[in-house]
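A.B. asks: Make a model of this:
(chains A and B)
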Amino acid sequence: MNNKRKKTLSKKRAVKKKKSLDRDGIISSSARNKDETSSSYSHFCKITSKVISVDEALKSVQDESCGAIVLFIGTVRNYNDGRLVNKIHYESYVAMAEKRIQKIQSSIKRKWPQVRKMSIVHRIGDLAVGDISVIVCTSAPHRAEAFEASRYAIDTLKQSVPIWKMETYADDFANWINGVPISVDNDNQKKKVGRGHT
Amino acid sequence: MVKINRDHQKRDKNKESIDLMRVKDEKSVSKWTPRPSPGNNNTRCLVIESKKQQQYSKQPTKESVMVSVLYFAQARIAADGISSEAITFPYHKTNKDEVLRIIGKRHPHLNTLRKIIQISVNCKVVSTGETITLNERDEIALLPPIAGG
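C.D. replies: Got it, this is the predicted structure:
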């Protein structure tokens, strides 16, 4: 008897939860069938020396259940620190960079479970002024999560992904950009935090 | 838990004697482990070793390990433009500062960057003060401050 009661109660709870989510418009038609909002999350990342295609990035995140796509494009600026920039050379530790980007993407799944698809592509090699250096493309049912997740992705990328750039100025002088120290892996930080609390 | 190895050393049928040892707990193992003494080579005995002792004896006594070191950005320029090379490190517990000191001996220009460079072992960043043990074929990378995007 008790078991049966428990089962019916949990079923009722699940239905209630689903209904409340439905009202907020969080559950999509495809997710309704699967009964899970986060199961359909997919992500893609690449470090490439080829020209980044905006169309491809857009297509890769399009989804029928999404009403919002946020596309961030980082391009090469023609000045920095009051100097005219001619070109930028990007260099990366590709194996680690891709791992780090995947980490960002899986943390997005945890922070914004509504986000459906996410693509991050970074270019390396020699880039001229105006060229696209990085693309972050996020799709979600509503714009708020898409904006927040994209912002988080590009901000975290700048802090944690091993990519370097060397600017060449109008007077042919070249300089490695003084960036930020690469962040320590999250796993270690978590352990430290855990120790601090206990 | 306890494994039994048979030590067949120069069997002499006439003098063959067997020491059977049935040991239940590890404390008595360490006490009773028979070792073939020089004068008693003909004895076939059951050598019982505890798990810890076995692990210890299996490990080859390494003194150094060969790891590949990758240089990026400013570090690559300071390392005479080399992007990767194999370097021998002592096989013991070490840390970021010691690794950089050893690499700095090969490429003195790197010493000026030592304060700003971070290192990673197999794509994992080593934090300051963290103790690491390098293994054969590990991949160390020298990472100056990053500037992606």
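
A.B. asks: tell me the mean pLDDT over stretch A:53-69?
C.D. replies: For stretch A:53-69, mean pLDDT is 96.

A.B. asks: so where's the chain shaky on pLDDT?
C.D. replies: Reading this off chain A. A:1-39, A:186-198 (pLDDT under 70).

A.B. asks: that's the other chain; I wanted chain B
C.D. replies: In chain B, residues with pLDDT under 70: B:1-61.

A.B. asks: what residues does it put near chain A?
C.D. replies: B:70, B:72-74, B:76-77, B:116, B:118, B:120, B:123-125, B:127, B:130, B:141, B:143-149 (CB under 8 Å from any CB of the partner chain). The way it works is simple: take the backbone N, C-alpha and C, and place the C-beta from them, glycine included.

A.B. asks: I only care about those that end up buried; give me the PyMOL line for that.
C.D. replies: In PyMOL syntax, the buried subset of the residues of chain B next to chain A is picked out as below (16 or more other CB atoms under 10 Å in any protein chain shown):
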select buried, chain B and resi 70+72+73+74+76+77+118+120+123+124+125+127+141+143+144+145+146+147+148+149
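
A.B. asks: Please narrow the residues of chain B next to chain A to those residing in strands.
C.D. replies: B:Leu70, B:Gln118, B:Ser120, B:Lys124, B:Val125, B:Ala141, B:Leu143 (DSSP state E).

A.B. asks: Cross-check the contact I'm expecting between the first one and B:Asp138.
C.D. replies: So the one you mean is B:Leu70. No: counting by CB atoms under 8 Å, B:Leu70 stays clear of B:Asp138, with 11.2 Å between them.

A.B. asks: Mind giving me the packing neighbours of the top helix by length along chain B?
C.D. replies: With DSSP state H applied, the helix covering the greatest number of residues in chain B is identified as helix B:96-106. Packing contacts for helix B:96-106, counted by 3 or more CB pairs under 8 Å, 6 or more residues apart in numbering or on different chains; DSSP states H and E, involve strand B:84-90, strand B:118-121, strand B:139-143.

A.B. asks: Parallel or antiparallel, list what pairs with the first one.
C.D. replies: It refers to strand B:84-90. Sheet pairing for strand B:84-90, assigned by DSSP bridges, gives strand B:64-71 (antiparallel).
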